[in-house]
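**Q** this one's sequence-less:
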């Protein structure tokens, strides 16, 4: 993709004085439900009303959306509230129907982005459209796969493109439904800074009480907007009940979020500084997580040594680690003194963990 600056045009044309906000229910359930939520979001910071009408579920037998009927409901939202509307498309037939019903913006879900075959089929159906098309990151943390999907859409002549960061699946259980892997999103921004990047805190967290914190982190990292699932009765929603917020809660979140002000003095210094600090916070969180995992492995080694009556300190192994880490550190611009201090502290913590296991 050569000229990505043109991809920001559709966002700039909205003339917003705040980050882009896309909100609405996970699933369109009934016409009454869709219109009620839309009217409660009218005259707020919400620019696009979202609702899923084709809902690919992990297992069959669950609610899988109302289908094309929901497109009529979205048309009523436009007519009654003046809000633009958007929905997810997962194949060429979805694209055709959405364009026929003049849906203002389309997004492609994570399960679709993971397949180049599906992405090409959708790209062919979208060829030449001037509707904004947002591409969610694939289920797995693969930046090349994400970019490849976007490039297929771009090659079809679609210039109004954006990306949605919705987190990534992992085998390990974490506090998130889908781990954000912020560093990957940062790499995306560094590679294509002119492609609008939207954060989806609902699918990242899976829990409504975590929505605000993820939104704030996204804005600190210079994301262009947010997509938040919103329902007037989230506890009884037909899908993803735990992660949806009420319209009133969304309004409060929007009020509480801290957004950088372009009119502040020395903005050319403070904006990039805050962005860099936010990146450091993300990396620091990753460091703590990795150190915790390292100590879990050390605990298992301690249990094995206890079973076999082996000494905790293995000097030869320790000297090999230090030598390797010093060389690795130097190749990454880290001084020998720093690497030695850091790994001696890590080694001491590992010894403490193993001695506690053996002594108990």
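**A** On my side now, so go ahead. Because the structure is a prediction, the values reported are computed rather than measured.
**Q** alpha carbons only for contacts and neighbour counts from here, please
**A** OK.
**Q** Mind checking what secondary structure residue 227 has?
**A** Secondary structure, DSSP: H, G, I helix; E, B strand; the rest coil: residue 227 is strand.
**Q** Dig out what it forms beta bridges with.
**A** Residues in a beta bridge with residue 227, per DSSP bridges, are residue 22.
**Q** With residue 197 instead?
**A** Under DSSP bridges, the beta-bridge partners of residue 197 are residue 163.
**Q** I figured residue 351 hits residue 312, correct?
**A** Yes: if you go by Cα atoms under 8 Å, residue 351 and residue 312 touch, sitting 6.8 Å apart.
**Q** Nearest residue to residue 207 in space, ignoring adjacent ones along the chain?
**A** Once flanking residues are discounted, residue 207 sits nearest to residue 243: 4.4 Å by Cα to Cα, 6 or more residues apart in numbering.
**Q** Test my guess that the one you found contacts residue 212.
**A** No: using Cα under 8 Å, residue 243 is not in contact with residue 212; the gap is 11.7 Å.
**Q** Between the two, which is the more surrounded one?
**A** Between residue 243 and residue 212, counted using other Cα atoms under 10 Å, residue 243 has the larger neighbour count: 26 against 19.
**Q** the helices in the protein, which residues?
**A** Secondary structure of the chain by DSSP state H: the helices cover 9-12, 31-41, 69-81, 92-100, 110-113, 116-126, 143-155, 182-191, 201-205, 211-220, 247-256, 267-308, 315-331, 336-359.
**Q** Which one of those lies nearest to residue 228?
**A** Across the helices of the chain, residue 228 has its closest neighbour in helix 201-205 (5.8 Å, Cα to Cα).
**Q** list the helices and strands the closest one packs on?
**A** helix 211-220, strand 225-229 (3 or more Cα pairs under 8 Å, 6 or more residues apart in numbering; DSSP states H and E).
**Q** If we use 10 Å, what do you get?
**A** Other elements packing on helix 201-205 under the criterion 3 or more Cα pairs under 10 Å, 6 or more residues apart in numbering; DSSP states H and E are strand 161-165, helix 211-220, strand 225-229.
**Q** What residues sit buried inside stretch 205-212?
**A** Residues of stretch 205-212 classed as buried: 205-208, 210-212 (neighbour count, 16 or more other Cα atoms under 10 Å).
**Q** Need the distance between the two termini of it.
**A** Terminal residues of stretch 205-212 are spaced 10 Å apart (Cα to Cα, to the nearest Å).
**Q** which residues make contact with that stretch from outside it?
**A** Contact with stretch 205-212 is made by 166-167, 174-180, 200-204, 213-214, 218, 228-230, 234, 240-246, 249-250, 252-254, 256-257, as judged by Cα atoms under 10 Å, 6 or more residues apart in numbering.
**Q** run the last query once more with 8 Å
**A** For stretch 205-212, the surrounding residues in contact (Cα atoms under 8 Å, 6 or more residues apart in numbering) are 175-179, 201-202, 214, 240, 242-245, 253, 257.
**Q** From residue 329, how far off is residue 344?
**A** Taken as Cα to Cα, the span from residue 344 to residue 329 is 14 Å.
**Q** can you give me the mean pLDDT across stretch 3-17?
**A** Averaging pLDDT along stretch 3-17 gives 85.
**Q** which residues touch the residue lying closest to residue 132 once chain neighbours are set aside?
**A** Distances taken as Cα to Cα, 6+ apart put residue 160 closest to residue 132, at 4.6 Å, once the chain neighbours are dropped. Residues in contact with residue 160 (Cα under 8 Å, 6+ apart) are 6-10, 130-133.
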